[in-house]
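Visitor: Whatever this is, show me its structure:
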Amino acid sequence: MHVHELVETATSDAPPPRYTVDDIVAAGRTVQRRRRTAWTMASAALAVTGVVAAVSIGLPGTAARPPAGELPPADTSLAATASPLTPAATWDFPDDPFTYVFQRFDAGKLHVQDPIVVSRAYQIAALHIDGLVTNDHAVDAATIMRPHGGDRSLYAYLTVYRPGAFDPHRFTGDRLTIDGHQAIEQEGPSYGENLRRALAWEYTDNAWAVAEAFADPSDVGFADLRGLVGGLRPSVPAPARVPFSVGYVPAGYHAAEIGQHAFASLNGIASAGDGNYGGAIFAAPALPITGLTEPYGGPEGDDPPGSFQILVLPNVRSNQSLKDGEQPPPEPRCGNGFCTSWTSDGRTTIQVASGGRLTEAEMVRILKGIKLADVTDDRTWPPAATALRVG
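Guide: Here you go, the predicted model:
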């Protein structure tokens, strides 16, 4: 499922459309909706803007553009206040891959957020830049702000790979040394007015980080990205947590990637601040943990081969939201490659999406095996390493 498809899965009354990368990085300048024919339970369609630095579990809105040199208003959401990360003196990589090993930091006008997506090979954080419009701040549909003609947008993130996961030989570009670290600068392609610039560097022995920014060339330069090299520091390892545990997954499937207060993969980064509770990607066969040059699914959030996803989000944000006073159905409802169920109070939606790779019977069985923690209190959430393992 693509980044834009997950946005639609969480926010529209119809199954997801397909956007191009241009639509993603254009961030709100173009609104496209190409509906597929399928059943729907939601009543009103919500227009979806292009994705920019994070697409969340709700209507992805455009944050107000702050004055140059001024940070956006502090995020007081649960996701922003519950981070357990603390600085550490050296890099430590526990055997449990679903563990955070770095935390938010600033580098000039660049601001790396806490990581919220983690796989068996890497973890990802959204990247903000002063003065640019992003889509990762929760907004109310009635007051959603749109970029004006002069506003510039951003889609950017930092991926920190575990030792041995990233292959620098397959990452082409200009090679240089930054603060004693070997690095690679890669430019292009262009998407409309936006240019992709990426900087990869070896932050510790055999472990690389990659910052990618899709923005106007005048807004983000390599000089800006180089500041991240000295800013990336280790934190005390902290287990990633999810608001649910699974009781059944089909034979051969294993958890590959999770999102905490977000969907998994770059879909979660593109929806980082809009209130999603969590998500996970399972795959069969197991996805590679070496030889990588980008996160699973790439910048468009394509479905990894042989995968299905679990999505947990507020009912009010779901494309299958229950109407006021409507009682949750006794059985999950399925259509167009995903199945949906609700908590008994109707406030939380749980979906399994497989794009047709699993039968509806299998998706329903997965749904019935899911046990939710208190989605509003992440202190009750189990570690992903145990919550997503069956048996």
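Visitor: and residue 206, backbone torsions?
Guide: phi 60, psi 20 (degrees, to the nearest 10).
Visitor: swap in residue 229?
Guide: phi -60, psi -50.
Visitor: out of everything not next to it in sequence, what's closest to it?
Guide: Closest residue to residue 229 apart from its sequence neighbours, by CB to CB, 6 or more residues apart in numbering: residue 178 at 4.7 Å. Where C-beta positions appear, they are placed from N, C-alpha and C, glycine not excepted.
Visitor: Same check on residue 341?
Guide: residue 332 (4.2 Å).
Visitor: For the one you found, give its distance to residue 161.
Guide: 36 Å (CB to CB, to the nearest Å).
Visitor: of those two, who's got more company?
Guide: More neighbours surround residue 161 than the other of residue 332 and residue 161, with 25 against 21 (other CB atoms under 10 Å).
Visitor: which residues sit in contact with the more buried one?
Guide: Applying CB atoms under 8 Å, 6 or more residues apart in numbering, we find residue 161 in contact with 121, 122, 207, 208, 209, 210, 292.
Visitor: possible to save the residues you listed as JSON lines with distance to residue 389, pLDDT and secondary structure?
Guide: JSON lines is the format used below for those (distance: CB to CB, whole Å; pLDDT from 0 to 100; DSSP: H, G, I helix; E, B strand; the rest coil):
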{"residue": "121", "distance to residue 389": "18", "pLDDT": "97", "secondary structure": "coil"}
{"residue": "122", "distance to residue 389": "20", "pLDDT": "98", "secondary structure": "strand"}
{"residue": "207", "distance to residue 389": "25", "pLDDT": "97", "secondary structure": "strand"}
{"residue": "208", "distance to residue 389": "28", "pLDDT": "98", "secondary structure": "strand"}
{"residue": "209", "distance to residue 389": "28", "pLDDT": "98", "secondary structure": "strand"}
{"residue": "210", "distance to residue 389": "29", "pLDDT": "98", "secondary structure": "strand"}
{"residue": "292", "distance to residue 389": "23", "pLDDT": "97", "secondary structure": "strand"}
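Visitor: Between these, which sits nearest residue 188?
Guide: residue 210 (15.0 Å; CB to CB).
Visitor: Could you measure from the closest one over to residue 184?
Guide: 9 Å.
Visitor: and if you look at residue 373?
Guide: On the measure of CB to CB, residue 373 and residue 184 end up 41 Å apart.
Visitor: how many neighbours does the residue lying closest to residue 369 once chain neighbours are set aside have?
Guide: Leaving aside its sequence neighbours, residue 369 sits nearest to residue 247 (CB to CB, 6+ apart; 3.0 Å). Using other CB under 10 Å, the number of residues around residue 247 comes to 12.
Visitor: ditto for residue 223
Guide: Residue 223 has 8 nearby residues by other CB under 10 Å.
Visitor: Quick check: which element contains it?
Guide: helix 222-231 (DSSP states H and E).
Visitor: low-confidence ranges in the stretch 1-150 of the chain?
Guide: 1-84, 134-150 (pLDDT under 70).
Visitor: let's go with 90 and repeat that
Guide: Scanning the stretch 1-150 of the chain for pLDDT under 90 picks out 1-89, 128-150.
Visitor: coming back round to it: for the residue nearest to residue 341, give me its contacts.
Guide: By CB under 8 Å, 6+ apart, the neighbours of residue 332 are 339, 340, 341, 363, 364, 367, 368.
Visitor: which two in those are spaced the farthest apart?
Guide: 340 and 368 (12.4 Å).
Visitor: In contact with residue 389, which residues?
Guide: With CB under 8 Å, 6+ apart, residue 389 has these contacts: 246, 255.
Visitor: Mind jotting down where the helices sit in the stretch 51-200 of the chain?
Guide: 78-81 (DSSP state H, counting those that start in this stretch).
Visitor: ok, how many other residues are close to residue 183?
Guide: 23.
Visitor: That one against residue 199, yeah?
Guide: Yes: with contact defined as CB atoms under 8 Å, residue 183 reaches residue 199; the gap is 6.4 Å.
Visitor: Please enumerate the shared neighbours of those two.
Guide: By CB under 8 Å, 6+ apart, the residues touching both residue 183 and residue 199 are 226, 229.
Visitor: hmm, back to that, next one: the residue nearest to residue 369 from residue 387, what distance?
Guide: 10 Å.
Visitor: what does residue 321 give?
Guide: Taking CB to CB, one finds residue 321 at 25 Å from residue 387.
Visitor: ok, now residue 367?
Guide: Counting by CB to CB - residue 367 and residue 387 are separated by 15 Å.
Visitor: same thing with residue 266?
Guide: 22 Å.
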